[in-house]
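Visitor: Structure of the sequence below:
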Amino acid sequence: MSRATLQEVVERVRSGENIEVIGYEGDAAIVEKVKGVVKGEFAQEELSELKKRKPRGKPTKEQLELAARVARRLGEAKKPFKVIFGPKEVTIRTGGGFIRVTEDAVKLAGYGSLEDDPIPLVIDILREYGEVKLLRPLK
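Guide: Numbering: from 1, shown residues only. You can find the predicted model right below:
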């Protein structure tokens, strides 16, 4: 566990480093390294929709920049979040769900609507990237 400024967090995300912000003390973010995304209580259909991809390679420059912009916005609002990079994708865990950014779309899982916190904070950034698809909410 370490402390980092918001700018340091954004730069680490921009460079493709998996990171978890677990809280804030003043202007500093409390940061941990992450091993992966904990799935939590999600419907099997939602998870299978997220797992369908098997691309190779690193996240694209556009995905890295989008993740950095989302991290900045969440950090400014003092929201905890986790960023995991995969091949040609990025997953951001925040609030009660996931934001999965693939090559062609943005998928939201675990949110009841686009009004669920913290989606309104970042929806404009997500829509600039591509189509935003809200996966079936939990029952």
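Visitor: only C-alpha atoms for contact and neighbour calcs from this point on.
Guide: Fine.
Visitor: quick one: least confident helix or strand in this structure?
Guide: Sorting the helices and strands of the chain by mean pLDDT, DSSP states H and E puts helix 44-51 at the bottom, at a mean of 58.
Visitor: residue closest to the middle of this protein?
Guide: The chain has Ile92 as the residue nearest its centroid, 1.4 Å off, counting by CA atoms, centre = their mean.
Visitor: Quick check: that one vs Gly26, distance?
Guide: Applying CA to CA, to the nearest Å, the value for Ile92 to Gly26 is 23 Å.
Visitor: Pretty sure Lys78 sits in a strand.
Guide: No - with DSSP: H, G, I helix; E, B strand; the rest coil as the criterion, Lys78 is located in coil rather than a strand.
Visitor: So it sits against Tyr24, correct?
Guide: Yes - with contacts counted by CA atoms under 8 Å, Lys78 reaches Tyr24, the gap being 6.6 Å.
Visitor: Tell me how far Glu76 lies from Val122.
Guide: 11 Å.
Visitor: So which of the two has more stuff around it?
Guide: Between Glu76 and Val122, counted using other CA atoms under 10 Å, the more crowded position is Val122 (17 against 11).
Visitor: what's around Gly26, how many residues?
Guide: Per other CA under 10 Å, the neighbour tally for Gly26 reads 8.
Visitor: can you give me phi and psi for it?
Guide: When read as degrees, to the nearest 10, the backbone of Gly26 gives phi 60, psi -130.
Visitor: OK, contacts around it?
Guide: Applying CA atoms under 8 Å, 6 or more residues apart in numbering to Gly26 gives no contacts.
Visitor: Let me know the pLDDT of it.
Guide: Looking at Gly26, its pLDDT is 90.
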